[in-house]
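Student: Here's a sequence, model it:
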Amino acid sequence: MPDGTPPLRCLVTGASGYIGGRLVPELLDAGHQVRCLARNPAALRDHPWSADAETVRGDVTDAASTRAALQDIDVAYYLVHALGGGSGFERTDRDAARNFGEQARAAGVRRIVYLGGLTPAGVPEHDLSPHLRSRAEVGRILLESGTPTTVLRAAVIIGSGSASFEMLRYLTERLPVMVTPSWVSTRVQPVAVRDVLRYLVGSARMPDDVNRSFDIAGPDIMTYRDMMARYAEVAGLPRRLILPVPMLSPGLSSHWIGLVTPVPRTIARPLAESLRYEVVQQDHDIARYVPDPPGHPLPFDTALSLALRRVKEANVTTRWSSASTPGAPSDPLPTDPDWAGGSLYTDRREAVVDASRDALWRVIEGIGGDNGWYSFPLAWAVRGQLDRLVGGVGLRRGRRDADRLRAGDSLDFWRVEEIEPGHLLRLRAEMRLPGLAWLEMTADRTDDGRTRYRQRALFHPRGLLGHLYWWSVSPFHSVVFGGMARNIARTAERAPKAVPDPAGTPPTG
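Tutor: Below is the predicted model:
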């Protein structure tokens, strides 16, 4: 460590999520040792920091795996929650927090650090929205666990890729005139993601007798209406006309947000519910333990400019959608022998491509987002809209990076389950379906050295509805999947040919 203090051994839960994925490299840069607890360790494999951190498989709801992960740990970061979870999420959050607190105490962990939500002053916990109430309850459970705990409470987090930033960005950019819910006039105190990370890292060194909550926020108290106006100015957009109306409930607001932004209704609703409350920092006691350097906490405009620059440079390291899970750890894979889960419908396509394997792979890895899906755009758009109407993620999540994918990335309504650069891309569907679905694309060579494209769409039906779903859409497969295979091959063939070097060494394929 630069100041001579010994490094701490830190456990990070939620490392595949928006904050956790950014906290790990910050802890490593501070000289600490990091272990990540993940239900699917493969989702962390391609992060730039993965070789420098230990990753163990486990779940905070499982006592045995949590206990094993906490062995020899000094500071445990609890960054998991059920934002967008279905019914029963409060009980899941409660049980997971109790398990984590009990296992941390048994393992002799010196401190737990939890990032929760800023709650309104004077409002009883039982009167809060379900998600804010759950955040407050988790914080209270950890504070009562017997392990010294730091609870950091933040309101709107401004950073590239955060759900709050994406909601603000798309609402402001897409709607020059807005009829908005009344909560746009509620005061909030946003905080820059850089300051959130700084407080998280600094909390690791708090004295052992500190066991309390801290409000963390930026210097600006503003309404959501103010934030949209400031976004338009910082982004160089014309002034927006905002017309608040009182009749838009949180449920209607979430539908409205889901139609305009990439944030699905299941996540938009808890965000909208939280924005009904005035959430303003009541104290800045955190500075006693984590002093603010000059210029910090960052002003709203500065945080906004930094986030916009990251988006413009395509340098968004994690996104709100990072935390979504591709399926339960027990879900079978399409590679399982004899496929252990029962029926598996398959649509196979294959084409010999007059292009190098590298050229084909660039097309495969660039699929989705602004590049689209290479077949029948209207069908994909309609499927995305239907998914959003039933509470799914739809197509608007796009890509984290325009050119590169890594395991765990969200990709429209798919997630990257496996990637072998230059060879295999396997996506697991995250749209609402009566079953499990995958899409596999591979770049190979034929026996005579030519390039071959292979594509598989796989579906495991759940009950009778699943079987009916497959047979109802299978007549369109020749258009959708057949067109995709043909157009991917043609796009690779139209790519500029690689030029051999002067020494005559042929380019790699």
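Student: The residue lying closest to Ile112 once chain neighbours are set aside - how many residues pack around it?
Tutor: Spatially, and ignoring its direct neighbours in sequence, Ile112 is nearest to Thr149 (4.4 Å; Cβ to Cβ, 6 or more residues apart in numbering). (Glycine included, C-beta is placed from N, CA and C.) Close neighbours of Thr149, defined as other Cβ atoms under 10 Å, add up to 27.
Student: Hmm, Thr149 is touching Tyr114, no?
Tutor: Yes. With contacts counted by Cβ atoms under 8 Å, Thr149 reaches Tyr114, the gap being 6.5 Å.
Student: and the residue nearest to Ile112, what is it in contact with?
Tutor: Going by Cβ atoms under 8 Å, 6 or more residues apart in numbering, Thr149 touches 111-114, 139, 142-143, 211.
Student: what is in contact with Thr149 and Tyr114 at once?
Tutor: Common contacts of Thr149 and Tyr114, defined by Cβ under 8 Å, 6+ apart, comprise 139, 142.
Student: Please report how far Gln103 lies from Pro148.
Tutor: 15 Å (Cβ to Cβ, to the nearest Å).
Student: Compare these two (neighbour count), which wins?
Tutor: More neighbours surround Gln103 than the other of Gln103 and Pro148, with 24 against 20 (other Cβ under 10 Å).
Student: For the more buried one, which three-state class applies?
Tutor: For Gln103, the assignment made with DSSP: H, G, I helix; E, B strand; the rest coil gives helix.
Student: From Tyr374, how far out is it?
Tutor: 48 Å.
Student: Next: Tyr224.
Tutor: Using Cβ to Cβ, Tyr224 is found at 38 Å from Tyr374.
Student: and if you look at Phe481?
Tutor: According to Cβ to Cβ, Phe481 stands 10 Å off from Tyr374.
Student: Ok, Gln455 next?
Tutor: 10 Å.
Student: which neighbours do the two share?
Tutor: 484, 488.
Student: thinking again about what came up before, neighbour-wise, which of Tyr224 and Tyr374 wins?
Tutor: Neighbour count, other Cβ under 10 Å: between Tyr224 and Tyr374, Tyr224 has more, with 24 against 20.
Student: Next, count neighbours for the nearest residue to Gly101 once chain neighbours are set aside.
Tutor: When the adjacent residues along the chain are set aside, Gly101 lies closest to Ser145, with 2.8 Å between them (Cβ to Cβ, 6+ apart). By other Cβ under 10 Å, 20 other residues sit near Ser145.
Student: In terms of helices and strands, where is Ser145?
Tutor: If you go by DSSP states H and E, Ser145 is not part of any helix or strand.
Student: What are the buried residues along stretch 187-195?
Tutor: 188-195 (16 or more other Cβ atoms under 10 Å).
Student: For this structure, just list every one of the helices.
Tutor: Taking DSSP state H as the test, the helices found in the chain are 18-29, 63-69, 89-107, 130-143, 163-174, 193-203, 224-234, 250-260, 265-274, 300-312, 357-365, 377-389, 463-473, 477-494.
Student: which stretch in those helices has the least confidence?
Tutor: Of all those, the minimum mean pLDDT falls on helix 250-260 (a mean of 66).
Student: domain parsing for the chain?
Tutor: Using automatic domain parsing, the domain ranges for the chain come out as 9-323, 345-494.
Student: picking up where we left off before, how far away is the residue nearest to Gly101 from Tyr78?
Tutor: 10 Å.
Student: tell me, what's touching these two both at once?
Tutor: Residues touching both Ser145 and Tyr78 by Cβ under 8 Å, 6+ apart: 100, 112.
Student: before we move on, back to that, quick check: the two most widely separated of the contacts of Thr149?
Tutor: Comparing all pairs in the contacts of Thr149 by Cβ to Cβ, the longest separation belongs to Arg111 and Gly139, at 14.2 Å.
Student: How far does stretch 448-459 sit from its chain's centre?
Tutor: Relative to its chain's centre, stretch 448-459 lies at 30 Å (Cα atoms, centre = their mean, to the nearest Å).
Student: count of residues packed around Asp52?
Tutor: 13.
Student: what's the answer for Leu308, then?
Tutor: Residues lying near Leu308 (other Cβ under 10 Å) number 17.
Student: Roughly how far does it sit from Ile419?
Tutor: From Leu308 to Ile419 the distance is 29 Å (Cβ to Cβ).
Student: Name the residues contacting each of Phe481 and Tyr374.
Tutor: Contact criterion Cβ under 8 Å, 6+ apart; residues shared by Phe481 and Tyr374: none found.
Student: What sits closest to Asp95 if chain neighbours are left out?
Tutor: Thr61 (6.2 Å).
Student: Can you check the pLDDT for Thr446?
Tutor: In this model, Thr446 is scored at 88, pLDDT.
Student: Against Asp444, how distant is the residue lying closest to Arg362 once chain neighbours are set aside?
Tutor: For Arg362, ignoring the flanking residues on the chain, the nearest one in space by Cβ to Cβ, 6+ apart is Ala495 at 6.9 Å. According to Cβ to Cβ, Ala495 and Asp444 sit 18 Å apart.
Student: neighbours around the nearest residue to Trp470 once chain neighbours are set aside, how many?
Tutor: Using Cβ to Cβ, 6+ apart and skipping residues adjacent in sequence, the residue nearest Trp470 is Tyr345, 5.0 Å away. Applying other Cβ under 10 Å, we find 17 residues neighbouring Tyr345.
Student: pretty sure Trp49 contacts Val24?
Tutor: Yes. Contact criterion Cβ under 8 Å: Trp49 and Val24 qualify, at 5.5 Å.
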